[in-house]
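Student: coords please:
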Amino acid sequence: MSFGFLGIQFGFALQNANVSRIFETLGGTEIALYWLAAPLTGMLVQPIIGYMSDRTWSPKWGRRRPFFLVGAVLASLALLVMPNVTALWMAVGMLWIMDSSINISMEPFRALVGDLLPSEQRTTGFAAQTFFIGVGAVVASSLPWMFTNWFGISNTAPAGQIPLSVKYAFYIGGAVFLAAVLWTVFNTKEYPPENLEEFEEEKRRTAGFWNGIRESFSGIFHMPKTMRQLAIVQFFSWLALFSMWIYTTPAVTSHIYHTTDTTSKLYNEGADWVGICFAVYNGVSAIAALLLPLIARRTSRRVTHLLCLVAGGLGLISIFFIQDPNMLLLSMVGVGIAWASILSVPYAMLAGALPANKMGYYMGVFNFFIVVPQVVAGLILGFFTKTVFHGESVYTLVLGGVSMIIAGLLTLRVDDADDIQLTTAAQTIHTSSPAYDTTVESNPNL
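Tutor: Below is the predicted model:
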């Protein structure tokens, strides 16, 4: 069920590591502002996609898989077009289409784990997704560098043109995205609704386009308590991530490589190295994801998330003190640990607090708290970078590191429903039957 995430992350990794580079190549200066197009659309699309997938059932295609497929086709086409844009407005528009399409596939994947796994397996289930995310992102982030250093393909181009190494990376990404998602679509079995008659009755009761729109957004005001608490954690976590994705390329090329000339060999070497750094943090996240369930069982999900976010925050802050590009890889270790936890632990905590018949919807609403910090990043980080930090992008990364540490501390306030249930169950078992075997059989979908 998680293999499709390898393809999804191919798309996200290429986007995160290269879109700011494309904007700068096409003469863009308001980079954070250009990134606003995608999240504003995602804020509208995600709850609707979640709402629709909750009310979808086909004996052949299941509930979530039709949305995987549609999103994968659209995102793959966007990946093929993006490196061939010739104007800045085209690049911004393609980012909007690409990000929205990727999210159409991604959010139902989150709900799929909640649908198919019991509470005691959800941390492992989301960690499995994170593993495939890490593997996909390692390869995708490294592709421009590999094309240049292994195959001799140019990583420079005339002013206003995208280098061939970047173009080929996006072409490979489009193909892998579609192939990986198709694997999950054709090889995963979804369970039907527990009561099909009640399911159909609810669909009839809530039928109609405008009724769907109204329900999609009215539920935001009735979120479970755990979801509200996690929303604040998500805000500060993703504000830090967006500061990194938007400003790492200008920060590294100016602070470490000491150039802002996008046509120079030195700038493009720095931009390629950012891709390697992103590959490293994703590789670390793939390994860390395998350890998260073990740490969570020995401590708790909240403590696990706190430790990981503090590691990520310190990693971002450390970039300010680095002059040797190779040392950036150490910073990325901390970021990778945080990324592994961000992609799994909040969703595992959230799934235990959601009603089963609204899993997809609330997972879509949860995306608001990824979108909102991206909007805030687009509106304020440019101002901070230009006015407060006098154009020194590296200070924006430090600000992101502080934001990530704040998110870690706020995690301690979250009520984890599954932890409470498992603790209560364990106490009951201990007092009533000390010899009870609590071993959980593995789920075949995992």
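Student: Return, as residue ranges, the portions of the stretch 151-300 of the chain with sub-threshold pLDDT.
Tutor: 205-220 (pLDDT under 70).
Student: for the most centrally placed residue in the chain, phi and psi?
Tutor: Central residue of the chain (C-alpha atoms, centre = their mean): Leu343, 6.3 Å from the mean position. For Leu343, the backbone dihedrals (degrees, to the nearest 10) come out as phi -80, psi -10.
Student: My read is that it contacts Ala128, right?
Tutor: No - in this structure, Leu343 is not within contact of Ala128 by C-beta atoms under 8 Å, at 10.8 Å. In short, each C-beta sits where N, CA and C put it, glycine included.
Student: Show me the common contact partners of the two, please.
Tutor: Ala289 (C-beta atoms under 8 Å, 6 or more residues apart in numbering).
Student: show me what contacts Phe109?
Tutor: Taking C-beta under 8 Å, 6+ apart as the test, what Phe109 contacts is 1-2, 4-5, 8, 64, 68, 129, 184.
Student: Can you give the domain ranges for the protein?
Tutor: For the chain, the TED database gives the domain ranges 1-189, 223-419.
Student: Which of the ones you listed sits closest to Glu197?
Tutor: domain 1-189 (12.1 Å; C-beta to C-beta).
Student: ok but Gln323 is inside a helix, no?
Tutor: No - secondary structure of Gln323 (DSSP: H, G, I helix; E, B strand; the rest coil): coil, not part of a helix.
Student: what's the closest non-adjacent residue to it?
Tutor: The shortest distance from Gln323 to any non-neighbouring residue, by C-beta to C-beta, 6 or more residues apart in numbering, is to Ile256 (6.1 Å).
Student: wait, doesn't the one you found sit right on Leu328?
Tutor: Yes - Ile256 lies in contact with Leu328 (C-beta under 8 Å); the separation is 7.5 Å.
Student: Neighbour count: those two, which is higher?
Tutor: Leu328 (22 against 18; other C-beta atoms under 10 Å).
Student: Tell me the confidence at that one?
Tutor: pLDDT, the model's per-residue confidence, is 95 for Leu328.
Student: Who are the contact partners of it?
Tutor: Here Leu328 is in contact with 252, 256, 273, 277, 319, 322 (C-beta under 8 Å, 6+ apart).
Student: So which of these are in helices?
Tutor: Taking DSSP state H as the definition of helices, the contacts of Leu328 contribute 252, 273, 277.
Student: buried sites along stretch 81-94?
Tutor: For stretch 81-94, the neighbour count (16 or more other C-beta atoms under 10 Å) marks 82-83, 85, 88, 91-94 as buried.
Student: That should have said stretch 166-180, apologies.
Tutor: 166-170, 172-174, 176-178, 180.
Student: Please apply the same query to stretch 154-161.
Tutor: 155-157.
Student: quick one, helices of the stretch 301-446 of the chain?
Tutor: Remark: helices assigned in the stretch 301-446 of the chain by DSSP state H, counting those that start in this stretch are 301-318, 328-342, 345-351, 359-366, 368-376, 382-383, 393-411, 417-432.
Student: Quickly note the distance from Gly62 to Tyr191.
Tutor: Applying C-beta to C-beta, to the nearest Å, the value for Gly62 to Tyr191 is 9 Å.
Student: Kindly report the same for Ala159.
Tutor: The value you get for Ala159 to Tyr191, if C-beta to C-beta is used, is 55 Å.
Student: same for the host helix or strand of Val139, what does it pack against?
Tutor: In the assignment (DSSP states H and E), Val139 maps to helix 119-151. Contact analysis of helix 119-151 by 3 or more C-beta pairs under 8 Å, 6 or more residues apart in numbering; DSSP states H and E lists helix 4-25, helix 88-116, helix 164-187, helix 265-298, helix 328-342, helix 345-351, helix 417-432 as its packing neighbours.
Student: Report the inter-axis angle for that helix versus helix 265-298.
Tutor: If you take axes from the mean of the first three to the mean of the last three C-alpha atoms, to 10 degrees, helix 119-151 sits at 160 degrees to helix 265-298.
Student: quick one: helix 119-151 to helix 164-187, angle?
Tutor: 150 degrees.
Student: Would you mind listing the buried residues in helix 119-151?
Tutor: Quick answer for helix 119-151 (16+ other C-beta under 10 Å): 119-148.
Student: And stretch 350-369, by the same measure?
Tutor: Per 16+ other C-beta under 10 Å, stretch 350-369 contains these buried residues: 350-354, 358-369.
Student: Burial check on Leu14, number of neighbours?
Tutor: Neighbours of Leu14 (other C-beta under 10 Å): 30.
Student: whoops, Val333 was the one
Tutor: Counted with other C-beta under 10 Å, Val333 comes out at 17.
Student: Check Lys265 too.
Tutor: 11.
Student: gap between the closest residue to it other than its chain neighbours and Arg21?
Tutor: Spatial nearest neighbour of Lys265, excluding adjacent residues (C-beta to C-beta, 6+ apart): Thr156 at 6.1 Å. Per C-beta to C-beta, Thr156 is found 12 Å from Arg21.
Student: closest to Gly114 among the contacts of Leu328?
Tutor: Cys277 (32.4 Å).
Student: and the gap between the closest one and Pro250?
Tutor: Relative to Pro250, Cys277 is positioned 14 Å away (C-beta to C-beta).
Student: Ok, Tyr361 next?
Tutor: Distance from Tyr361 to Pro250, by C-beta to C-beta: 38 Å.
Student: What of Tyr362?
Tutor: The gap separating Tyr362 from Pro250 is 36 Å, by C-beta to C-beta.
Student: Kindly report the same for Leu116.
Tutor: According to C-beta to C-beta, Leu116 and Pro250 sit 42 Å apart.
Student: And those two? Which one has more around it.
Tutor: Comparing Leu116 with Pro250 by neighbour count (other C-beta under 10 Å), the higher total belongs to Pro250, at 25 against 20.
Student: show me the contacts for that one.
Tutor: 20, 24, 31, 260, 393.
Student: Show me the one of the helices of the stretch 301-446 of the chain that comes nearest Glu201.
Tutor: Nearest of the helices of the stretch 301-446 of the chain to Glu201, taken as C-beta to C-beta: helix 359-366 at 17.4 Å.
Student: Does anything pack onto that closest one? Which helices or strands?
Tutor: helix 37-54, helix 88-116, helix 225-255, helix 345-351.
Student: Extract the C-alpha trace of that helix and format it as PDB.
Tutor: Listed next in PDB are the C-alpha coordinates belonging to helix 359-366 (Å, rounded to 0.1, in the frame of the first residue of the first chain):
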ATOM      1  CA  MET A 359     -10.900   9.500   7.700                       C
ATOM      2  CA  GLY A 360     -10.200  10.800   4.200                       C
ATOM      3  CA  TYR A 361     -12.000  14.100   4.800                       C
ATOM      4  CA  TYR A 362     -10.200  14.900   8.000                       C
ATOM      5  CA  MET A 363      -6.900  13.900   6.500                       C
ATOM      6  CA  GLY A 364      -7.700  16.400   3.700                       C
ATOM      7  CA  VAL A 365      -8.500  19.100   6.200                       C
ATOM      8  CA  PHE A 366      -5.300  18.300   8.000                       C
END
